[in-house]
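> Sequence first, then the predicted structure, then my questions.
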Amino acid sequence: MSAGGFNGDVNSFAGLSAIPGSGPNAALGYHVLKDASITAVASSVPMDAAAAPVVAAVGKVATKIPGVEAAMAKVADFANSLKGPGTPGTVTQPYGELAPGLSGTGVQAHHLNQDAAYGSLIPKDQGVSLPMPGNAITDVGSPHYDAHASMEGFWNQFREGGAREGETPTNAEVLQATNKSLQNAGVPSNTARQATQEAAAQQKQYGLQPESAVPRVPGKLNQVQPTQPTAPPNAPPVPAVKNP
């Protein structure tokens, strides 16, 4: 069985150990395990039988993947999110249900239908969300920061000075950008795709059609910018590269 890149071999997690920082590792560990549980149910494999080797494998390399222990603690939640044999579970939860349990963990609930864009129609606590390690504004390089940074790149097109200033994107365009932003944050493509589909379903539930304009273009999110490396004092100038 293969799920989220896991094939039953501990070495399938080797790539995670090369990623610096605990935030991305915890996020990837979380979603790999969740993908495994969903695939198990879709394949009619008992959840406990499918999860056990995954957890055991992660445990063997936990020292190489900082933060993955916290992700392992979510395995029980994965099982609870599944709807039954043969039916993949949802990967999102309403913000109002997810956020309280994450308080103080360093993980935040990430709205897929951004509250700043859809809050006038979709109640904040009902908005479908994913757990994302890191603070969206201050934790540079964390999954939550990166997801929002990607969306900021999308929204900037429609803000003052943007290539499409004065236009309003469609809900379909926003969903496409949302899917991309999740993958940019390290969420596996199949999980990102399913999460985006659940966001689309919620939009339809509240009367929002794909071809319709998004209710509001959010104001700029003032994220802390990555620190740019500076040259050491008295460093010699970098020589110009001449074309041969």
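Sure thing, it's come through. A quick note: this is a predicted structure, and the numbers were derived from the prediction, not measured. Residues are numbered from 1 along each chain as shown.

> Next secondary structure after the lowest-mean-pLDDT helix or strand in the chain?
Sorted by mean pLDDT, DSSP states H and E, the helices and strands of the chain end with helix 75-81, the least confident at a mean of 44. The C-terminal neighbour of helix 75-81 among helices and strands, as given by DSSP states H and E, is strand 93-94.

> helices and strands around the helix or strand following that following strand, which ones?
Per DSSP H and E, strand 93-94 leads on to helix 95-102 as the next helix or strand towards the C-terminus. The contact analysis (3 or more CB pairs under 8 Å, 6 or more residues apart in numbering; DSSP states H and E) places helix 95-102 against strand 107-111, strand 128-133. (C-beta placed from N, C-alpha, C; glycine too.)

> Sheet-wise, list the partners of the longest one with their directions.
Taking DSSP bridges as the criterion, strand 128-133 pairs within the sheet with strand 93-94 (antiparallel), strand 107-111 (antiparallel).

> returning to what we had before: I'd like the helices and strands packed on helix 95-102 laid out as CSV, including mean pLDDT, mean neighbour count and distance to residue 170.
CSV is the format used below for the helices and strands packed on helix 95-102 (pLDDT from 0 to 100; neighbours: other CB atoms under 10 Å; distance: least, CB to CB, whole Å):
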stretch, mean pLDDT, mean neighbour count, distance to residue 170
strand 107-111, 94, 25, 19
strand 128-133, 93, 28, 19
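
> of those strands, which approaches residue 94 most closely?
Closest approach to residue 94 among these (CB to CB): strand 128-133, 6.8 Å.

> Can you give me the neighbour number for residue 218?
If you count neighbours by other CB atoms under 10 Å, residue 218 ends up with 17.

> can you check residue 149 too?
Neighbour tally, residue 149, other CB under 10 Å: 19.

> now swap in the one 4 residues further on and tell me
For residue 153, the tally of surrounding residues (other CB under 10 Å) stands at 13.

> Repeat that for the one 10 residues further on.
The burial count assigned to residue 163 is 8, neighbours taken as other CB under 10 Å.

> That one and residue 154 touch, don't they?
No. Between residue 163 and residue 154 there is no contact under CB atoms under 8 Å: 11.3 Å.

> Kindly report the domain assignment for this protein.
By the assignment in automatic domain parsing, the chain contains the domains 1-89, 92-224.

> mean pLDDT for the ones you listed: which is lowest?
Lowest mean pLDDT within the domains of the chain: domain 1-89, at a mean of 44.

> one step back: need the strands paired with strand 128-133 in CSV (columns: distance to residue 181).
Supplementary listing: the strands paired with strand 128-133 in CSV, determined by distance: least, CB to CB, whole Å:
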stretch, distance to residue 181
strand 93-94, 18
strand 107-111, 9
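
> closest to residue 171 out of those strands?
Here strand 107-111 is closest among the strands paired with strand 128-133 (CB to CB), at 14.5 Å.
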